[in-house]
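Peer 1: I'd like to go over a predicted model; first the sequence, then the structure.
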Amino acid sequence: MPRLVDHDRRRAEIGEAAIRVILREGLAGVTVRGVAAEAGWSTGSLRHYFRNQHELQAYVVQATTETLRRRVLPRVQRPRTADSVVEGIATIVEEMLPLDAERREEYALWSAIVEWERRHPPAGGSVTWNDQRALYRQCVAVLRGHEPIREPGQATLPHPDDQVELWAALLHTFVDGLASQIVNTPGEMPAGTAARLLRSLLEAVPPAARP
């Protein structure tokens, strides 16, 4: 009998190999030849699953997005004990900052996804941007005294409080810039300084007026 091939497992192997290539060479390294070599496959075997580089990169971006969600979401959602709401929110937002080796690796993967989305804009907008804005919207809503949104899909919609939207945009922009400085100029933006700046911004979020 011919040996059965687990195609899902083989695709997963391709995704894992491609992530290693991204971390070493960036998205430009994700070629049929490069990923095949990383996975220990022939290019012919890889082309059985992906006809060209575009199909391969599209799959890799999707697989990388799912990998990041599996890695980051449990850390973001884990129960926390903190002395203040600001401190609790700060520890959540810090998961999006490249403050250690694991998060620097994740930042490199996010950057590869953003590069792909810039070249091939998704019909529904940037997946990474929408995911991150939803997180910051939730964080700001809690800082303003609102109840957390329980339905994940609802967090991608504008909040009825205009100030939540404003401060979520400010936080999103701030974190992106802070992350870039941590990676590109670590001597000028060490982790401790980044943590203090983040908390300063979060402390500036005004509470919602109560009727």
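Peer 2: Arrived safely.
Peer 1: tell me which helix or strand of the chain sits lowest on mean pLDDT?
Peer 2: Scoring the helices and strands of the chain by mean pLDDT, DSSP states H and E places helix 53-77 at the bottom, with a mean of 87.
Peer 1: Buried residues, it. List them.
Peer 2: Under the neighbour-count criterion of 16 or more other CB atoms under 10 Å, helix 53-77 has 56-57, 59-61, 63-65, 67-68, 72, 76 buried. Where C-beta positions appear, they are placed from N, C-alpha and C, glycine not excepted.
Peer 1: Counting by contacts, list what it packs against.
Peer 2: helix 7-25, helix 32-39, helix 101-119, helix 127-143 (3 or more CB pairs under 8 Å, 6 or more residues apart in numbering; DSSP states H and E).
Peer 1: what would those look like in CSV with distance to Leu46?
Peer 2: Formatted as CSV, the helices and strands packed on helix 53-77 follow (distance: least, CB to CB, whole Å):
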stretch, distance to Leu46
helix 7-25, 7
helix 32-39, 4
helix 101-119, 19
helix 127-143, 25
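Peer 1: hmm, which two among the buried residues of helix 53-77 are most spread apart?
Peer 2: Maximum pairwise distance among those (CB to CB): 29.6 Å, between Leu56 and Val76.
Peer 1: how would you label the closest residue to His7 other than its chain neighbours: helix, strand or coil?
Peer 2: The shortest distance from His7 to any non-neighbouring residue, by CB to CB, 6 or more residues apart in numbering, is to Tyr49 (7.7 Å). Following DSSP: H, G, I helix; E, B strand; the rest coil, we place Tyr49 in the coil state.
Peer 1: In this structure Tyr49 contacts Ile14, no?
Peer 2: Yes. Between Tyr49 and Ile14 there is a contact under CB atoms under 8 Å: 6.7 Å.
Peer 1: quick one: which of the two has more around it?
Peer 2: With neighbours defined as other CB atoms under 10 Å, Tyr49 and Ile14 compare such that Ile14 has more, 23 against 15.
Peer 1: Please verify my assumption that the more buried one contacts Gly34.
Peer 2: No. Assessed by CB under 8 Å, Ile14 is found out of contact with Gly34, at 11.5 Å.
Peer 1: what sits against the closest residue to Ala63 other than its chain neighbours?
Peer 2: What sits nearest to Ala63 in space, not counting adjacent residues and going by CB to CB, 6+ apart, is Gly15, at 3.5 Å. Neighbour list for Gly15: 59-60, 63-64, 67 [criterion: CB atoms under 8 Å, 6 or more residues apart in numbering].
Peer 1: how close does Gly15 get to Tyr49?
Peer 2: 11 Å (CB to CB, to the nearest Å).
Peer 1: ditto for Glu203
Peer 2: Note on Glu203: its distance to Tyr49, by CB to CB, is 50 Å.
Peer 1: Over to Asp8?
Peer 2: Distance from Asp8 to Tyr49, by CB to CB: 11 Å.
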